[in-house]
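# Below is the sequence, then the predicted model.
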Amino acid sequence: MAKLTKEGVKRQSRLFVVNLLRAAVVAAVIWFIFGNLDWYAPTLALKPDVGVLGSHTDFLVEAEDKDSGLRDLRVAVQQDGQEKEILARTFPAPALWGFGSKGSRITMIELPFTLDAKALGLKEGKATLAIQAHDYSWRNHFQGRLATLTREVELDLVPLKVTFLGVSHLLKPGGSGLILYRLNKPAKVSGVVVGDHLYRGFPNPGGKAEECVVLFPVPQEGSGSATVDLVARPAVGAAEARQRLALSLKPRKWRSDRLDLSDNFLRQVAADFSSANPGDFLAAYLKVNRELRKENHERVRQVCADSQPQPLWSGAFQRFLGKPMARFGDRRTYMYQGKVVDQQVHLGEDLASLEHSPVTAGNRGVVVLAEPLGIYGQTVILDHGLGVFSMYSHLSQIDVKAGDQVDKGGVLGRTGATGLAGGDHLHFAMMLQGEFVDPVEWWDSHWLKDQVEGLWVKEEAPTPAAKAQGKPAKGKSKARKGQKR
Ligand SMILES: [Zn+2]
């Protein structure tokens with residue numbers, strides 16, 4: 001056994017300190033790696049992804065933490081500065097914190113919950129869903145990493161209601177009418193159903209909140225009355241609000257018109273429209289007059305599906321200065337060699353002037369179509385807002401393009417005989433959301449004032465004096481009486 005020298009003792013104690021330091025460093029590294037180091041924060045997901053909620057909505061919250069595992073999860077709803085807890089869960093800790101006994105960790109969980117507006121004391125309007133989860137990492141002074149998810153939602157609890165306020169008092173078959181109505185809250189869509197088509201309403205241009213107006217085509221047929229439905233569809237749920245209205249119509253008799261088809265005309269049509277049966281001119285013509293006409297009307301509906309939400313027009317529409325030929329609503333019978341071969345309704349006004357006369361915009365609007373349109377030939381369609389459109393057909397030349405803004409009287413092109421036309425003329429049509437209506441009314445400034453714009457003029461509340469005397473307040477239009485049922 002060697003005797004320890006003074007030098008030797010010194011060296012050994014120095015070695016001991018170095019080893020101790022080394023061990024401490026290794027221990028710190030192990031502690032850091034296995035304990036504190038946590039690569040992943042928890043993640044949260046909420047299904048379904050909806051923003052507008054009814055009285056009961058089922059949700060599924062999904063929480064995940066890949067390494068240390070989930071510690072807790074909490075779901076709450078906030079409204080007007082108050083918070084209510086919907087769900088709170090704490091999950092078991094791993095057996096040895098951080099040293100990872102994998103079996104006991106919760107790394108992924110899906111929990112269902114229901115947002116029951118009444119039970120939670122929530123009311124109509126905005127609310128916030130707030131979800132948070134922690135993991136078991138030693139981060140944040142052993143509190144764990146935090147994940148949060150917030151979702152702004154709109155609670156839709158009060159049933160939607162639609163209230164009729166007034167309708168144009170002179171309704172002519174084939175003409176236009178306006179209904180004024182009120183909604184108790186915003187709807188996904190509202191308007192009036194005529195036949196099987198919904199005509200969408202727009203906010204009252206007079207600026208009265210919650211009030212809407214809808215311009216609708218009055219059915220062409222009907223013995224003095226028509227039934228339409230005022231409807232409003234809610235943002236969520238299927239329960240739509242509906243009010244049935246019985247409208248009385250002025251009686252109207254349509255003109256009938258006979259068109260004799262000559263061989264020359266049929267040959268010309270067959271040449272203008274490529275046909276499946278080139279040998280049979282009559283069959284080719286009937287295909288164009290029936291099927292292509294239908295397709296063209298479908299296209300008009302599509303083009304007129306969207307409209308500016310405010311009226312772009314001002315005053316009556318300008319009428320093209322031409323001799324009236326065929327009129328709106330004419331019942332046309334097509335004859336060939338003395339036999340009836342077809343029947344159609346003419347849905348515009350034919351106006352004839354000098355060949356290639358300039359065609360001008362009936363009112364201010366936006367060009368939504370400027371191209372050939374089957375039987376209508378070269379055509380321009382303008383959107384005037386609130387679902388009102390005008391159409392100019394058989395043009396020889398178009399001077400505008402889709403998207404252009406045009407003023408009343410602005411030149412759109414020149415008359416011609418393109419499409420299914422016997423000679424140079426302008427076929428002028430008016431549409432409400434794609435349905436053809438009688439243009440004559442739109443040329444009449446009195447009609448426009450009394451039957452359309454007069455309904456949305458801001459009304460002042462009747463003064464007590466006027467009420468007592470049974471007099472209507474100034475500005476109250478006769479049109480507002482309507483025919484409510
Ligand atoms: Zn025509």
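Cool, the structure landed.
# And this structure, what are its domain boundaries?
Annotated domains of the chain cover 43-97+105-155, 162-252+448-459, 273-433 [automatic domain parsing].
# Based on its surroundings, how many neighbours for the residue nearest to Gln405 when sequence neighbours are not counted?
Leaving aside its chain neighbours, Gln405 sits nearest to Val366 (5.5 Å; criterion: Cβ to Cβ, 6 or more residues apart in numbering). Every residue, glycine included, has its C-beta placed from N, CA and C. Applying other Cβ atoms under 10 Å, we find 18 residues neighbouring Val366.
# C-alpha coordinates for stretch 181-199, CSV please?
Extracted C-alpha coordinates of stretch 181-199, given in CSV (Å, rounded to 0.1, in the frame of the first residue of the first chain):
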residue,chain,number,x,y,z
TYR,A,181,-92.9,44.1,-45.9
ARG,A,182,-91.1,44.0,-42.6
LEU,A,183,-88.8,41.3,-41.1
ASN,A,184,-88.2,41.1,-37.3
LYS,A,185,-84.6,40.1,-37.9
PRO,A,186,-82.3,39.5,-40.9
ALA,A,187,-83.2,36.5,-43.0
LYS,A,188,-81.1,34.3,-45.2
VAL,A,189,-83.5,35.1,-48.0
SER,A,190,-86.9,36.7,-48.2
GLY,A,191,-89.3,37.8,-51.0
VAL,A,192,-92.4,36.7,-52.7
VAL,A,193,-93.2,33.4,-54.4
VAL,A,194,-95.2,33.8,-57.6
GLY,A,195,-96.0,30.5,-59.3
ASP,A,196,-93.0,28.4,-58.4
HIS,A,197,-90.4,31.1,-58.4
LEU,A,198,-89.1,33.2,-55.5
TYR,A,199,-88.5,36.9,-56.2
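# buried set for that stretch?
Using 16 or more other Cβ atoms under 10 Å as the test for burial, stretch 181-199 gives 181-183, 187, 190-194, 198-199.
# Smallest gap between the chain and the ion, at which residue?
Closest contact between the chain and the ion, by Cβ to the ion, is at His427 (3.4 Å).
# Just grab the bridge partners of that residue for me.
Asp350, Ser393 (DSSP bridges).
# Surely it touches Tyr376?
Yes - at 6.6 Å, His427 and Tyr376 qualify as touching, with contact defined as Cβ atoms under 8 Å.
# any residues in contact with both of the two?
Residues within reach of His427 and of Tyr376 at once, by Cβ atoms under 8 Å, 6 or more residues apart in numbering, are 391, 393-394.
# Local confidence estimate at the residue nearest to Gly348 when sequence neighbours are not counted?
What sits nearest to Gly348 in space, not counting adjacent residues and going by Cβ to Cβ, 6+ apart, is Ala429, at 3.5 Å. Here the pLDDT value assigned to Ala429 is 98.
# Next: Leu286.
Note on Leu286: pLDDT of 93.
# give me the element it is part of.
For Leu286, the host element (DSSP states H and E) is helix 281-287.
# burial count for Asn19?
Residues near Asn19, counting by other Cβ under 10 Å, number 10.
# three-state assignment of Ala24?
helix (DSSP: H, G, I helix; E, B strand; the rest coil).
# hmm, back to that, mind exporting the helix holding Leu286 as CSV, just the C-alpha atoms?
Output in CSV follows, covering the C-alpha atoms of helix 281-287 (Å, rounded to 0.1, in the frame of the first residue of the first chain):
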residue,chain,number,x,y,z
PHE,A,281,-87.2,23.9,-93.1
LEU,A,282,-90.4,23.9,-91.0
ALA,A,283,-89.1,21.4,-88.5
ALA,A,284,-85.9,23.4,-88.2
TYR,A,285,-87.9,26.6,-87.6
LEU,A,286,-90.1,25.0,-85.0
LYS,A,287,-87.1,23.7,-83.1
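# Who are the packing partners of the following helix or strand past it?
Note on helix 281-287: by DSSP H and E, the next helix or strand toward the C-terminus is helix 293-303. Helices and strands touching helix 293-303, as assessed by 3 or more Cβ pairs under 8 Å, 6 or more residues apart in numbering; DSSP states H and E, comprise strand 435-437.
# what mean pLDDT does the strand it packs on have?
On average, strand 435-437 scores 98.
# returning to what we had before: in the sheet, which residues pair with the residue nearest to Gln405? Tell me.
Asp383, Gln405.
# Output the buried residues of stretch 181-199 in TSV, with distance to the ion, secondary structure and pLDDT appended to each entry.
Output for these, formatted as TSV (distance: Cβ to the ion, whole Å; DSSP: H, G, I helix; E, B strand; the rest coil; pLDDT from 0 to 100):
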residue	distance to the ion	secondary structure	pLDDT
Tyr181	35	strand	97
Arg182	39	strand	95
Leu183	39	strand	94
Ala187	38	coil	90
Ser190	34	strand	97
Gly191	29	strand	98
Val192	28	strand	98
Val193	29	strand	97
Val194	24	strand	96
Leu198	28	strand	97
Tyr199	24	strand	98
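# Would you mind saying which of the domains of the chain lies nearest Leu259?
When the domains of the chain are compared by Cβ to Cβ, domain 273-433 sits nearest Leu259, at 5.1 Å.
# picking that back up, the residue nearest to Gln405 reaches Lys401, doesn't it?
No - between Val366 and Lys401 there is no contact under Cβ under 8 Å: 11.2 Å.
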